[in-house]
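[1] Turn this into a model:
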Amino acid sequence: MKIPVKLNLCPIIESVFEIRFDSNLDANIVFALIYGKLKDDFPTIEALPLSEVPASMRDTDPNLKYQPAYKLHYKDNENIVLQICAKSVGFSFTPEYCGWKEFRSFVNRYLNVIHETGVIGRVVRIGFRVINFIDGNVFDGEKIKLNIRIGEKEIPYKETTIKTVFSEGEYHSTVSIINQARLNNSTPIRIGSVIDVDTFSVTCERFFDNASEFLEDIHKSEKKVFFSLLTNQFLESLQPEYE
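    A predicted model of the protein is given here:
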């Protein structure tokens, strides 16, 4: 399958790279060390509701353990956000995707700075999540290579959510597809569909030995899954560019 290097009509509304890790440091120390290094470039702090939950409770709850407690907003673009807790750091770009080269360069630069603080112990998971918004019903038979039947009858797809996992080698992708989604941060509000691809690896203990290679591999894996879902007709409508 030939995969584009770029879509001129890019449907991405959010892209996130997250790294989860073990750390022997107190949650407040982790945040203080990271902020101390990045405060000139990420001056605005936003405390999230989870910051009010005691660290001991967060650490013992698998649903909270890696959820961010603070957001730092980038000085040159408030839509670029660094999300932090005691055991994870995530870089979020929304609502517009800047392109992989710029995204990779940005993440690499600040991950190296964070790594220098010593807060990151063993890396236990890396993830690259891309959320795409598509106008209209993605189950209309023209956009994605997927249909669901009960017996011989195709379902009506009035309000449909599908979630599944693709695996290839060390990378796994949780794919969620939803129609009847609302994009509230646009004027007017758009109604359409979401294709959410969250690609991750838990075989990444030596991430910082070759971070650039890990980033390239996880990006390629995510792209492969996303483009495998699209019909040729719909892909061409997004104006792809190839090498």
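[2] So what pairs up with K71 in the strands?
    E46, Q83 (DSSP bridges).
[3] what mean pLDDT would you report for the helix or strand where K220 lies?
    Assigned by DSSP states H and E, K220 belongs to helix 211-229. The pLDDT scores in helix 211-229 average 97.
[4] my guess is K163 meets I178, correct?
    No: counting by CB atoms under 8 Å, I178 is not a contact partner of K163; they are 9.1 Å apart. Using the backbone N, CA and C atoms, a C-beta is placed for each residue, glycine as well.
[5] which stretches of the protein form strands?
    Here the chain has its strands, by DSSP state E, at 6-7, 12-21, 44-47, 70-74, 77-85, 88-93, 123-135, 149-150, 153-154, 161-168, 171-183, 190-201, 240-241.
[6] how near is the residue of the chain most remote from its centre to T160?
    The centre of the chain is farthest from one residue, E152, which by CA atoms, centre = their mean lies 36.4 Å away. Counting by CB to CB, to the nearest Å, the separation of E152 from T160 is 19 Å.
[7] Same question for C204.
    In terms of CB to CB, C204 sits 33 Å off from T160.
[8] which parts of stretch 143-155 are buried?
    Under the neighbour-count criterion of 16 or more other CB atoms under 10 Å, stretch 143-155 has K143, I144 buried.
[9] now swap in stretch 58-75 and tell me
    Within stretch 58-75, the residues that count as buried by 16+ other CB under 10 Å are R58, Y66, Q67, P68, A69, Y70, K71, L72, H73, Y74.
[10] what comes into contact with it?
    18, 20, 27, 31, 35, 38, 40-48, 50-51, 53, 57, 80-88, 90, 125 (CB atoms under 8 Å, 6 or more residues apart in numbering).
[11] quick one: the nearest residue to D40 once chain neighbours are set aside from I45, how far?
    Residue nearest to D40 in three dimensions, not counting chain neighbours: K75, with 7.6 Å by CB to CB, 6 or more residues apart in numbering. Per CB to CB, K75 is found 12 Å from I45.
[12] So what's the predicted local confidence for L9?
    For L9, the predicted pLDDT is 96.
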